[in-house]
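[1] Here is a sequence together with a model predicted from it:
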Protein chains: 6
Amino acid sequence: MTRQTVTEIRPQVRQYGELTSLEIELAKQSDSLLILPVGACEQHGDGLPVSTDSIRAEHVATAVAEELAGRAFVIPSIDYGVSPHHGNLPGTITLDPRTFVDIVTTVAGQLSDSGFTRILVITGHGGNMAALGVAQQVLLGTHPNLTFAYSPVSALATEATAILPRTEVSGHSGESETSQMLAIDDRLVDSPRLTAGATALDDLLPRARLSRTKSPASAVTFDQYSENGVLGDPRTATATAGDDILGEIVAKLVAYSREMLRL
Amino acid sequence: MTRQTVTEIRPQVRQYGELTSLEIELAKQSDSLLILPVGACEQHGDGLPVSTDSIRAEHVATAVAEELAGRAFVIPSIDYGVSPHHGNLPGTITLDPRTFVDIVTTVAGQLSDSGFTRILVITGHGGNMAALGVAQQVLLGTHPNLTFAYSPVSALATEATAILPRTEVSGHSGESETSQMLAIDDRLVDSPRLTAGATALDDLLPRARLSRTKSPASAVTFDQYSENGVLGDPRTATATAGDDILGEIVAKLVAYSREMLRL
Amino acid sequence: MTRQTVTEIRPQVRQYGELTSLEIELAKQSDSLLILPVGACEQHGDGLPVSTDSIRAEHVATAVAEELAGRAFVIPSIDYGVSPHHGNLPGTITLDPRTFVDIVTTVAGQLSDSGFTRILVITGHGGNMAALGVAQQVLLGTHPNLTFAYSPVSALATEATAILPRTEVSGHSGESETSQMLAIDDRLVDSPRLTAGATALDDLLPRARLSRTKSPASAVTFDQYSENGVLGDPRTATATAGDDILGEIVAKLVAYSREMLRL
Amino acid sequence: MTRQTVTEIRPQVRQYGELTSLEIELAKQSDSLLILPVGACEQHGDGLPVSTDSIRAEHVATAVAEELAGRAFVIPSIDYGVSPHHGNLPGTITLDPRTFVDIVTTVAGQLSDSGFTRILVITGHGGNMAALGVAQQVLLGTHPNLTFAYSPVSALATEATAILPRTEVSGHSGESETSQMLAIDDRLVDSPRLTAGATALDDLLPRARLSRTKSPASAVTFDQYSENGVLGDPRTATATAGDDILGEIVAKLVAYSREMLRL
Amino acid sequence: MTRQTVTEIRPQVRQYGELTSLEIELAKQSDSLLILPVGACEQHGDGLPVSTDSIRAEHVATAVAEELAGRAFVIPSIDYGVSPHHGNLPGTITLDPRTFVDIVTTVAGQLSDSGFTRILVITGHGGNMAALGVAQQVLLGTHPNLTFAYSPVSALATEATAILPRTEVSGHSGESETSQMLAIDDRLVDSPRLTAGATALDDLLPRARLSRTKSPASAVTFDQYSENGVLGDPRTATATAGDDILGEIVAKLVAYSREMLRL
Amino acid sequence: MTRQTVTEIRPQVRQYGELTSLEIELAKQSDSLLILPVGACEQHGDGLPVSTDSIRAEHVATAVAEELAGRAFVIPSIDYGVSPHHGNLPGTITLDPRTFVDIVTTVAGQLSDSGFTRILVITGHGGNMAALGVAQQVLLGTHPNLTFAYSPVSALATEATAILPRTEVSGHSGESETSQMLAIDDRLVDSPRLTAGATALDDLLPRARLSRTKSPASAVTFDQYSENGVLGDPRTATATAGDDILGEIVAKLVAYSREMLRL
């Protein structure tokens, strides 16, 4: 038995999971960027699927890897996130944030131990941001030489979102998320059932209204915002707006990834 | 704002993650079976990708759900498994088994709390079996009314495997796994680089040979079996054999799932 | 003060706990096998004591050590096991499987750190097998050079069990376990109160019946099998059958231990 | 023995720790706000003390309670925070973020269980924000009726900071923090030894520069910013500026606290 | 199948582990005391076995149960304790104190849940006292109605120890422990190899001497006391003194147990 | 940028938290003693504040540091302790003892890693003693070269307490603690509301009386001692007695600290 050798990675492969051990050795030698999509499994109102955040994270991650062809690979996604605020509405499955931190630090730590030096986490779910911040701190203590970055998706699209028609209260399962899903694949959206949720601050109960203040940060469960757990009016969403939003997100992450690759 | 109603789940959907909250309520009311595919991200020799076990688990889970159209849904997979025995070979990312148990019991426990009563875990990776056994015990204490079953993939195909040409030592990344991958999608296999690993008991070092005894159970890291971490000779694998193996696995799991649905 | 020296271990001692530090150093130098008996404290029907599994594990471990006189020592047993499935019936005390894993990996890890290289766990309780599998995986990551094996008791006696009169459903507190206890010490058995439990598949409720299928693996609490938590009819048990069963178990473990000592 | 009664809380007391059990019952009956100051014990350059963040948090918390006389009480502070990024410079003591989360959720959870409904955490240390976000998520799952808010200190002073002379790179132990400390008590500052740290983006190494980007978020240890762990030039700090900054922070938190008390 | 009944527990049984489920129900109905012996597996000098503390705990526990015939039962012992201070000398196996606390609180908590109300822990090893104190505090929070007491062994024998010839420094593996072991079974002692350890304060290094002060409490590893890990001169030990010591210990624990049974 | 240097620590500073990084380096070079005050937040009857134990610990720690001017520094205190026994009475906030152990071992372990070698913990609360014992054992395993001592406060004052008028049952919130608080600052005591609690053994319920026995150790929640959670009659307390008690405590700890500094 002689160990095989490979001299290049099959050119069309973007997923780490589709690489062989030999190809991963090559990716390590060229110090590739690894992209980890993380999402959530949580209620998204009457018309969006519960994996909306995972689907968007995976879509963006793959698009970024495509742009960086051969310099970046998407590692297997984590499709459950930190969603206690959605627990009262059907379909939600939430990890304890400490378990989520354990998974992320284990995966990133081992990749660092094995020789990779750059990891970018793309989270389709804002509720994962705090746990990702904690994961980053844990990794800074255990793997100080690893460059570990993490980014939300929707929040990057400042320009495309600025021209989107949005209600005063808008966010979860609202105009932006629904547009993105229509752009990715309109079969994923049950369009006839899209329904507005909370759309005006005055409609909110005091504690829910307070939670919309940026700082200090407070929080309520999403059934306290509206009966269907939606912020905004998804009925105005369009695939065209979604394309613009996703385009801006991908462009910004590609630019950032190139910075990481230059380190 | 009036909450929408749905009276049936869109007929072509098999993935829980593609359902809306309203549809999941319907699935719960009809006491659907939920199928959780779990895999691994670990070395699979020179020619198979590191997500081989995840890909097979997902494939089988979806095929089973397809057969049970509308009575079963595939929940988001866990694509990292328990693989300390592969840690010395490139590409492997392993979870601590206790973290793996936490994820499975969290997901299953919440689904049970929300009203589902039947969960079937399909693992493409044998190394997850012990942790799944522990998860089952934890759940038996916390959720005694949940029927929680788990199954390997390859080991179910006793008949199709019996007629497969296999070397004396055979298993990980060997004839059966490779055949299954060829049947699923031959682009996932780097066929020119498939190489035999350990094939005969006499070739093994004493401690590795001892670990092939069924009982008592001992274990070694896979680099002690062979340089490329393979057991068997994957070069004899064929897509046809893979179809037979996968067919037998799916048929057995469909039959079992019907038993679960009858409870 | 001069440190004493010993040149040989007192010849009749089989228990690690009865050795002095000086003797343990000698045992380490000769690379002795260490045997860890693990049991359970759980209901065993109306006629067997709750420590049945611990008593059998300890008995077998000591018998094996006796055969290997001076090459193997029995370390202090763990007399609580993983028994959530028996929790509804009186007398059961169960550890969380994660605590059980912690104990086993701590004990084995320290023995390995101190210089021992071979540990054989003998479990009198099948419910410990999954946790032992997890412990083995944890140890493979932290102590790859330790040969850590584990074995059940009853399941090894394939030949002696084959000729035992057994009911269609048989197992916990049934013909084999009761025979073993009669052979060890018939005062441990409250023979007048031995009562049959579940004996035929048709008597079982559907979910209990499903759990008797080998694969996929599901589970129920033992009060769902029968009111007294017994599988089989222990009234047919005999000390003679028990001697045969124990003899086969010990012989197989002695043979295996000799393999381990040859490594 | 007759249990004493009190009809009012001693008017000058602001600290929960200085109240008796009887007074705490009264505070609970009037649904008082509880304020938890959290800080850090970490390097703050050559001229600021390591408890700078704790001192500022405690100072602000007490000032807010003073303004709300009798409607708010300061509970005992947590003076160790999450500071892995400062671990390489002398004096730093950091808690694991998971321990920090445990402390905060334990304290807040028990206060909620005992009948309090409003808790405001004031953190003098930005490095605690992620762990506080996680704590909020944990509490949302376990104590959904508790209003749990958290706020940074310096970041609230947008107006006073806008007119502060600040270098291009500025932050930890820089102009704002030093001004605040001078305003609180100038004996806490070793003014002759205040030294500029990193002040311009161009002076930073690439990875440190990248970490100053807002999103995606990456991080480096503070010794990679500058030898003394300082961002900005603390020599331009003044007590007057500090008064303005602290004034703005307290005013904003008082306004927010009144909102919380109105819920 | 009719469930059996028993009307009394077999009169000679003292061990909980030798009772059947039916007998345990009777013991619960008569509100029996449960006695948990805990020991250690740690170096005990050149002449005592490593399980010295477990053997003494088990011996005393059984003697107490014998005196209270039928009112008290000995539950399965925990034979590994908290022994980090002995880790540098051969034979020691130590549990993390947190694991030890988990085991004790799990066992005691389940017995309380099942209906028992009185548990007495007898520890042959002083190093377990702190963890037992913590276990008691945890149980006070979770099972406030359980009377959970714990006691050392040697320290109870104030009178018999007062007349024992003891060196200025005396304790671990010294005159008292060795006498007790000679009284229990002199074959457990390797008498020819008994050797004095540290016997005078002036012989100790400063830090070891400081640790002999009662309060504040400090600690050193036992290899810092003496090369053989012994405190005192075990060569003066006698079985007669051991009988007196054990007699006093048992008498005091029997008296205390009667108090517990009267509650 | 040139790193500053300091040649001496500002002479009046006693708190580690008020030192700069540069001064802490000097303190480390002169191998200073670090003193950690730990307290509790728990009911102290009708007249003492809930932070009584923290206030006394901090007071004593600072007084000891004052005596050792420049050789000892007080590190930030931990103001929540282990108080499950007080949980039924208002105002109590208790940490899980395992969290308390985590905090203490983290703080002490990092200080040891950074170069300090002597830590003295002063606990104002007896309920922390077991957890401190466990922390010491954990540290003995991980940091064997660290001298880690811990001491109670009141229990040291054997002479001053001997001449105090005390009721048969006396302790928590009784004559000694109240006197100490009056001596520290009489505004901290709500003197008109001081009330006697349990004062005689005969007044106690059997289980509470049993818990006053020294060994074996049992425990009850404090509402089982008396309605106000007090042991003794605090109305006889005086500031003069408090001065004597505190004086004796400080003198003994100073003497002990000098021993530690001589190591």
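    Perfect, thanks for sending it.
[2] Run through the residues that contact the residue of the stretch 101-250 of chain A found nearest chain F.
    Going by Cβ to the nearest Cβ, chain F is nearest to A:G141 of the stretch 101-250 of chain A, at 10.8 Å. Glycine gets a C-beta too; all of them are placed from N, C-alpha and C. Contact analysis of A:G141 by Cβ atoms under 8 Å, 6 or more residues apart in numbering or on different chains lists D:84, D:87, D:94.
[3] Could you check the angle the helix or strand it falls within makes with helix D:129-142?
    Assigned by DSSP states H and E, A:G141 belongs to helix A:129-142. For helix A:129-142 against helix D:129-142, the angle by axes from the mean of the first three to the mean of the last three Cα atoms, to 10 degrees is 130 degrees.
[4] Do me a favour and average the pLDDT over helix A:129-142.
    Averaged over helix A:129-142, pLDDT sits at 97.
[5] going on from that helix, what's the next piece of helix or strand?
    strand A:147-152.
[6] Please, where are all the helices along chain A?
    A:21-29, A:52-67, A:97-114, A:129-142, A:158-162, A:175-184, A:206-211, A:239-262 (DSSP state H).
[7] which one of the ones you listed is the most hemmed in?
    Most buried of the helices of chain A, by mean neighbour count (mean count of other Cβ atoms under 10 Å in any protein chain shown): helix A:175-184, with a mean of 25.
[8] what packs against that one?
    helix A:52-67, helix A:239-262 (3 or more Cβ pairs under 8 Å, 6 or more residues apart in numbering or on different chains; DSSP states H and E).
[9] at contact distance from chain D, anything in the shortest one?
    No - if you take Cβ under 8 Å from any Cβ of the partner chain as the test, helix A:52-67 misses chain D, and the best it gets is 11.2 Å.
[10] closest point of chain A to chain C, which residue?
    A:Q110 (10.8 Å).
[11] you'd agree that residue is up against B:I93?
    Yes - contact status for A:Q110 versus B:I93: in contact at 5.2 Å, counting by Cβ atoms under 8 Å.
[12] hmm, back to that, any chance of the helices and strands packed on helix A:175-184 in CSV with mean pLDDT as columns?
    Output for those, formatted as CSV (pLDDT from 0 to 100):
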stretch, mean pLDDT
helix A:52-67, 98
helix A:239-262, 97
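[13] Turn these into a markdown table, columns for distance to chain B.
    As requested, the helices and strands packed on helix A:175-184 are arranged in a markdown table below (distance: least, Cβ to the nearest Cβ, whole Å):
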| stretch | distance to chain B |
| --- | --- |
| helix A:52-67 | 7 |
| helix A:239-262 | 17 |
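[14] Format the ones you listed as JSON lines; extra columns: distance to C:D46.
    As requested, these are exported to JSON lines (distance: least, Cβ to Cβ, whole Å):
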{"stretch": "helix A:52-67", "distance to C:D46": "53"}
{"stretch": "helix A:239-262", "distance to C:D46": "67"}
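[15] So for C:I163, which of these sits nearest?
    Of all the helices and strands packed on helix A:175-184, helix A:52-67 sits nearest to C:I163, with 56.0 Å by Cβ to Cβ.
[16] how far is that closest one from where the chain is centred?
    8 Å (Cα atoms, centre = their mean, to the nearest Å).
[17] Just the CA coordinates for it, please, in PDB.
    Extracted C-alpha coordinates of helix A:52-67, given in PDB (Å, rounded to 0.1, in the frame of the first residue of the first chain):
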ATOM      1  CA  THR A  52     -34.800  30.300   7.100                       C
ATOM      2  CA  ASP A  53     -31.700  31.400   9.000                       C
ATOM      3  CA  SER A  54     -29.800  28.300   8.200                       C
ATOM      4  CA  ILE A  55     -30.700  28.400   4.500                       C
ATOM      5  CA  ARG A  56     -29.600  32.000   4.200                       C
ATOM      6  CA  ALA A  57     -26.300  31.400   6.100                       C
ATOM      7  CA  GLU A  58     -25.500  28.400   3.900                       C
ATOM      8  CA  HIS A  59     -26.400  30.300   0.700                       C
ATOM      9  CA  VAL A  60     -24.200  33.300   1.600                       C
ATOM     10  CA  ALA A  61     -21.300  31.200   2.700                       C
ATOM     11  CA  THR A  62     -21.300  29.200  -0.500                       C
ATOM     12  CA  ALA A  63     -21.600  32.400  -2.600                       C
ATOM     13  CA  VAL A  64     -18.600  33.800  -0.800                       C
ATOM     14  CA  ALA A  65     -16.600  30.600  -1.200                       C
ATOM     15  CA  GLU A  66     -17.500  30.700  -4.900                       C
ATOM     16  CA  GLU A  67     -16.100  34.200  -5.300                       C
END
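[18] For it, which helices and strands make contact with it?
    By 3+ Cβ pairs under 8 Å, 6+ apart, helix A:52-67 packs against strand A:33-38, strand A:72-74, strand A:118-123, helix A:175-184, helix A:239-262.
[19] Apart from its chain neighbours, what residue comes closest to the residue of the stretch 101-250 of chain A found nearest chain E?
    Nearest to chain E, among the residues of the stretch 101-250 of chain A, is A:D102, at 17.7 Å (Cβ to the nearest Cβ). Spatial nearest neighbour of A:D102, chain neighbours left out: B:T99 (4.9 Å); criterion: Cβ to Cβ, 6 or more residues apart in numbering or on different chains.
[20] you'd agree the one you found is up against A:F100?
    No - with contact defined as Cβ under 8 Å, B:T99 does not reach A:F100; the gap is 10.1 Å.
[21] so where is the stretch 51-200 of chain A shaky, pLDDT-wise?
    Within the stretch 51-200 of chain A, the set of residues satisfying pLDDT under 70 is empty.
[22] which bits of it sit near chain B?
    A:51, A:54-55, A:75-77, A:79-80, A:89-96, A:99, A:102-103, A:106-107, A:110-111, A:114, A:188, A:190, A:193, A:195-197.
[23] so how far is chain F from A:R3?
    41 Å (Cβ to the nearest Cβ, to the nearest Å).
[24] Any idea how many residues pack against A:R212?
    Residues near A:R212, counting by other Cβ atoms under 10 Å in any protein chain shown, number 16.
[25] ok, now A:G115?
    13.
[26] What does the pLDDT read for the closest residue to it other than its chain neighbours?
    Excluding the flanking residues, the one nearest A:G115 by Cβ to Cβ, 6+ apart is A:K28, at 4.6 Å. If you check A:K28, the pLDDT there is 97.
[27] Nearest to D:C41, out of the helices and strands packed on helix A:52-67?
    Using Cβ to Cβ, the nearest of the helices and strands packed on helix A:52-67 to D:C41 is strand A:118-123, at 29.2 Å.
[28] isn't A:E25 right up against B:L89?
    No - using Cβ under 8 Å, A:E25 is not in contact with B:L89; the gap is 10.0 Å.
[29] Next one: the residue nearest to A:L36 when sequence neighbours are not counted from A:L33, what distance?
    Spatial nearest neighbour of A:L36, excluding adjacent residues (Cβ to Cβ, 6+ apart): A:V121 at 4.7 Å. Shown here: A:V121 relative to A:L33, a distance of 11 Å by Cβ to Cβ, to the nearest Å.
[30] Cool, thanks, talk later.
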